[in-house]
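Participant: 3D model of this:
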Amino acid sequence: MLDVPSDSLTAMDTSAVQRLVMVCHDGESFYQQAAKSVEDYAIRRTLLQIANTRNQTLRELTHRLQMSGKKVEIFNTPKQELNLWYLDALEQDWDISDHEILTKLRQLEADNLQSLVRFTRQTQDKQLREMYSNIATRFTLCLDMLDEIILRQETV
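Facilitator: As a prediction, the model looks like this:
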């Protein structure tokens, strides 16, 4: 997971960064796996784009924290610590192209974005606020990609 010394960030900021790292790490794993199981090219491509965004976000997050003097160590998250929804989806081999599943996934991602917006408002750390804001923009684009898939399915 993420180990941030308490003297570098407030407890609230530490918790927010840990959640963000978990969402990026677990989300990347989920989207990569989900893309492998989808036959529809457009959906597969979108899922891989979201996985890539999560990977880039995680790398940028750790790099920027390290550059700002905040020590960060990330360990591989065991499968049992994956976000429960991601874990259920992977273990039950859900059809990610199913409209109902995509709608649930969209809601999960909207919740993740809302958490990120809340972190942005709550932090007193200017660097974290800027970083969260940039990440929120990326998450919004991913949410838009999911909306596009859902809309395409509704018009078929």
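Participant: Please count neighbours and contacts with C-alpha atoms only from this point.
Facilitator: Will do.
Participant: what sits against Arg64?
Facilitator: Going by C-alpha atoms under 8 Å, 6 or more residues apart in numbering, Arg64 touches no other residue.
Participant: For Ile150, which three-state class applies?
Facilitator: With DSSP: H, G, I helix; E, B strand; the rest coil as the basis, the three-state label of Ile150 is helix.
Participant: Offset the numbering so it begins at 50, please.
Facilitator: Happy to do that; since the first residue is 50 now, the last one works out to Ile199.
Participant: list the contacts for it?
Facilitator: Contacts of Ile199 (C-alpha under 8 Å, 6+ apart): His148, Leu151, Thr152.
Participant: what stretches of the protein score poorly on pLDDT?
Facilitator: Scanning the chain for pLDDT under 70 picks out 50-57, 117-139, 141-143, 146.
Participant: That one: helices as residue ranges?
Facilitator: Taking DSSP state H, the helices of the chain run over residues 60-85, 90-116, 133-140, 148-171, 175-204.
Participant: Buried deepest among those, which one?
Facilitator: Using mean count of other C-alpha atoms under 10 Å, the stretch among these with the largest mean neighbour count is helix 60-85, at a mean of 20.
Participant: what's the offset of that helix from the middle of its chain?
Facilitator: Mean-position distance between helix 60-85 and its chain equals 5 Å (C-alpha atoms, centre = their mean, to the nearest Å).
Participant: Ok, stretch 198-205 next?
Facilitator: The chain centre lies 23 Å from the centre of stretch 198-205; the measure is C-alpha atoms, centre = their mean.
Participant: Over to stretch 181-191?
Facilitator: The chain centroid and the centroid of stretch 181-191 are separated by 10 Å under C-alpha atoms, centre = their mean.
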